[in-house]
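Undergrad: just coords:
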């Protein structure tokens, strides 16, 4: 049956474990592992108020700094987020297109970047006002923790909030320190990272710079990524805090290996698809012939200010930045010169845009007593705006592809969103009631300046009210049960609006998807050393956005009928004798089209969404914290690549990974080393799929057995 793991997946359940859950939040005590006891983690996602995660009526998991940084190269968020139930984060082995991230099926259709899931870093959006985000902008080298929110309470974050992923970087503190990390591994992969942090005159600072490069596992997948990060924290007085964060990302000529057909994947997982129309001998792959690639320059700065007035609090956040992208796609001269009603409508094989964006979010928290309990009410407004100067060019000059040719598209695209919201929480005795309401309005305007193929100027406006309600009851001091419900809203992103299925220009016919989201769960502590969380959920969606056509890196979308997602999540964290810890994260998800449309039958599975996936780990460290080791298992059921489920699905898989860590302290120096082996048994499998590719080049191979070796040296002053 499709709902069941294969036997080797079930067998891997014995491999389980977790690292210490010890992150902290502003104005909250840190959760920690003390004397073998697993303590509660404090979170702020969902309610915007610091709570132990045990006491929030929502599914929230925290990934701590140890899991993010120890034994990892810290390039892709997928390294750490694999341990979160309900979340599927795939490293596509393609740095031109970023990670694939989906939460309970939301976001799985994304051909590149992240949509359907809200990304936030240090309280500042890493998603644009239209809902599209880039996980590559997360700076994992300075991360203190990542909070992952799923289910109904994600809706309080507005448009494209099928889930919420928030990264929090550490504050600078004394003693000051400087740390150098160097990592190398398979496929000529290397990374160097330098971090300085401390306090001076009451001002905390964190500065970080890194350079990553790889030849890539897949042919034509080399990448170089340079990141810089800076954070300043100031406390003007005991009741206020100002935080300023700046980051930049540069990727120059990042190669895009594209997808492969099943026959090509079966022949050689690393190989690209041969272009049979190539005039050279031997014939080149599409990626080689068109030299498919992308360059990205992204800079962003933001500031948050909090001022407390007793129990009340004012919060203000502002941000701004720019993002420049140029992408070379695999479109032939013939396709680019096809006409629609006698007019050239194709916008070329080169996408080039310069984006300016900014926004502000301000809210007021008021606390008072009501009906024998504590009432906390947050009222706020969130505004964001982005403006793209977008051009398209032919990707050839003469008979040579991979060059910027004649102009074929020139327009300005502006997206703005304005969201007022209110959220209230009442707590008394064993009861906690939380409710929220958000009104989202998104506007899109297009000013077409290239009129030779017609005028695509126009505007769209989407709006929706998203209510959220949650109730938690403490059955015992160690067992809490909860239920929650919400209405969700997902407008098409700017990239989903750019192309119509006919090959023409802007698609003004797309509608937003709306959903009804229900969840019930239990959170329990078993003794002093085990946490168990379990949740059941159901999501019904109307006007689901699905892939219409996808080819050569360009994807168009349409609205489908209704979908149904029903599932279960279970997570277990436990400490065992002799320094062992375990972690298990299991998800079962039945995600189907609930109504037939076109050639898609009722009951067909949503593409890109596995029916079950598992992470399990058994870890160990010695009592003096000098040595550590872990064995991990990651498993997934098969994944369909298109809506009708008629093409071969990417088969399910189970892989095992291992790591070993060591640490030494010598005076003011601290040294750390790690060795990591991924895919121990050299499993050949599809790591991700390109949903709905018109040429059936759906499959993106994952690496075979590979290794990483890292060393670091930190000096504290």
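TA: Nice, I can see it. Since we're looking at a predicted model, the values are computed, not measured.

Undergrad: please enumerate the helices of the stretch 401-550 of the chain.
TA: Counting by DSSP state H, counting those that start in this stretch, the stretch 401-550 of the chain forms helices over residues 494-497, given from the N-terminal end onward.

Undergrad: residue ranges for the strands of it, please.
TA: With DSSP state E, counting those that start in this stretch as the criterion, the stretch 401-550 of the chain has strands at 407-428, 431-448, 458-476, 479-490, 513-526, 530-542, 545-551.

Undergrad: residue 216: which of those strands is closest?
TA: strand 545-551 (21.8 Å; CB to CB). (Glycine included, C-beta is placed from N, CA and C.)

Undergrad: for that closest one, packing partners?
TA: Helices and strands touching strand 545-551, as assessed by 3 or more CB pairs under 8 Å, 6 or more residues apart in numbering; DSSP states H and E, comprise strand 554-559.

Undergrad: contacting residues around the most centrally placed residue in the chain?
TA: With distances taken as CA atoms, centre = their mean, residue 101 lies nearest the centre of the chain, 4.7 Å away. Residue 101 makes contact with 77, 81, 87-90, 107, 110, 114, 117, 135, 165 under the criterion CB atoms under 8 Å, 6 or more residues apart in numbering.

Undergrad: of those residues, which is the nearest to residue 602?
TA: Checking the contacts of residue 101 against residue 602 by CB to CB gives residue 107 as the nearest, at 23.1 Å.

Undergrad: for that closest one, what are its contacts?
TA: Residues in contact with residue 107 (CB under 8 Å, 6+ apart) are 100-101, 114-117, 162-163.

Undergrad: among these, which are located in strands?
TA: Assigned to strands by DSSP state E, the following of those qualify: 100-101, 163.

Undergrad: which one of these is nearest to residue 337?
TA: Relative to residue 337, the closest of the ones in strands among the contacts of residue 107 is residue 100; by CB to CB it sits at 32.4 Å.

Undergrad: and that closest one, how many neighbours?
TA: Neighbours of residue 100 under the rule other CB atoms under 10 Å: 28.

Undergrad: so it touches residue 106, yeah?
TA: No: taking contact to mean CB atoms under 8 Å, the distance of 12.0 Å between residue 100 and residue 106 leaves them out of contact.

Undergrad: give me the pLDDT for residue 499.
TA: The predicted structure scores residue 499 at 74 on the pLDDT scale.

Undergrad: for it, which non-adjacent residue is closest in space?
TA: On the basis of CB to CB, 6 or more residues apart in numbering, the spatially nearest residue to residue 499 that is not a chain neighbour turns out to be residue 556, at 4.3 Å.

Undergrad: residues contacting that neighbour?
TA: Each residue near residue 556 by CB under 8 Å, 6+ apart is listed here: 499-501, 507, 547-550.

Undergrad: where's residue 607, which helix or strand?
TA: Element membership for residue 607 (DSSP states H and E) is empty, with no helix or strand holding it.

Undergrad: what sits against it?
TA: Taking CB under 8 Å, 6+ apart as the contact definition, residue 607 lies against 108-109, 547, 639-643, 645, 689, 691-692.

Undergrad: which one of these is nearest residue 239?
TA: The shortest approach to residue 239 among the contacts of residue 607 belongs to residue 108, at 44.0 Å (CB to CB).

Undergrad: A strand includes the closest one, no?
TA: No: following the definition DSSP: H, G, I helix; E, B strand; the rest coil, residue 108 is coil and is not counted among the residues of a strand.

Undergrad: give me the phi and psi for it.
TA: In this entry, residue 108 is assigned phi and psi values of phi -70, psi -20 (degrees, to the nearest 10).

Undergrad: so where's the stretch 551-700 of the chain shaky on pLDDT?
TA: Residue ranges of the stretch 551-700 of the chain with pLDDT under 70: 551-554.

Undergrad: re the thing from before, just the buried ones among the contacts of residue 607, please.
TA: Buried members of those, counted by 16 or more other CB atoms under 10 Å: 108-109, 547, 639-643, 645, 689, 691-692.

Undergrad: and those as CSV, adding distance to residue 259 and secondary structure?
TA: Converted to CSV, the buried ones among the contacts of residue 607 look like this (distance: CB to CB, whole Å; DSSP: H, G, I helix; E, B strand; the rest coil):
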residue, distance to residue 259, secondary structure
108, 15, coil
109, 15, coil
547, 13, strand
639, 13, strand
640, 15, coil
641, 9, coil
642, 12, coil
643, 17, coil
645, 18, coil
689, 8, strand
691, 10, coil
692, 11, coil
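
Undergrad: if we only consider those, which is nearest to residue 680?
TA: Taking CB to CB as the measure, residue 639 is the one of the buried ones among the contacts of residue 607 closest to residue 680, at 22.3 Å.

Undergrad: could you give the number of residues near the closest residue in space to residue 639 that isn't next to it in sequence?
TA: In space, residue 639 comes closest to residue 650 once its chain neighbours are excluded; the distance is 4.6 Å by CB to CB, 6+ apart. Residue 650: 27 surrounding residues under other CB under 10 Å.

Undergrad: cool, the one 10 residues further on as well?
TA: With neighbours defined by other CB under 10 Å, the count for residue 660 comes to 14.

Undergrad: which parts of stretch 540-550 are buried?
TA: By 16+ other CB under 10 Å, the buried positions in stretch 540-550 come out as 541-550.

Undergrad: contacts made by it with the rest, please.
TA: The contact list for stretch 540-550 (CB under 8 Å, 6+ apart) reads 109, 111, 488, 490, 492, 496, 501, 510-516, 555-565, 593-594, 607, 642-643, 690-694.

Undergrad: centre of the chain to it, how far?
TA: Put simply, stretch 540-550 sits 20 Å off its chain's centre (CA atoms, centre = their mean, to the nearest Å).

Undergrad: give me the distance between the residue nearest to residue 499 and residue 549.
TA: 5 Å (CB to CB, to the nearest Å).

Undergrad: one more: residue 702?
TA: Counting by CB to CB, the separation of residue 702 from residue 549 is 26 Å.

Undergrad: all helices for the chain, in order.
TA: Under the criterion DSSP state H, helices of the chain are mapped to 7-11, 65-69, 78-81, 262-267, 286-290, 333-336, 494-497.

Undergrad: which of those has the lowest mean pLDDT?
TA: Among the helices of the chain, helix 7-11 has the lowest mean pLDDT, at a mean of 32.

Undergrad: now the helices of the chain as TSV including distance to residue 351 and mean neighbour count?
TA: Compiled in TSV, the helices of the chain are given as follows (distance: least, CB to CB, whole Å; neighbours: other CB atoms under 10 Å):
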stretch	distance to residue 351	mean neighbour count
helix 7-11	40	14
helix 65-69	32	23
helix 78-81	25	22
helix 262-267	26	15
helix 286-290	13	24
helix 333-336	13	15
helix 494-497	10	23
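
Undergrad: possible to save the ones you listed as TSV with distance to residue 192?
TA: Shown next, in TSV, are the helices of the chain (distance: least, CB to CB, whole Å):
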stretch	distance to residue 192
helix 7-11	37
helix 65-69	15
helix 78-81	17
helix 262-267	33
helix 286-290	28
helix 333-336	41
helix 494-497	33
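
Undergrad: off-centre distance for stretch 188-201?
TA: The chain centroid and the centroid of stretch 188-201 are separated by 23 Å, computed with CA atoms, centre = their mean.

Undergrad: burial count for residue 445?
TA: Using other CB under 10 Å as the criterion, residue 445 is surrounded by 15 other residues.

Undergrad: OK, contacts around it?
TA: With contacts defined as CB under 8 Å, 6+ apart, the neighbours of residue 445 are 413-414, 458-460.

Undergrad: quick one, which of those are buried?
TA: For these, burial is judged from neighbour counts taken by 16+ other CB under 10 Å, and it is met by 413-414, 460.

Undergrad: columns distance to residue 230 and pLDDT on top of those residues, output as JSON lines?
TA: Below are the buried ones among the contacts of residue 445 laid out as JSON lines (distance: CB to CB, whole Å; pLDDT from 0 to 100):
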{"residue": "413", "distance to residue 230": "30", "pLDDT": "94"}
{"residue": "414", "distance to residue 230": "29", "pLDDT": "96"}
{"residue": "460", "distance to residue 230": "37", "pLDDT": "92"}
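
Undergrad: which one of those is nearest to residue 298?
TA: Residue 298 lies nearest to residue 413 out of the buried ones among the contacts of residue 445, by CB to CB, at 17.5 Å.
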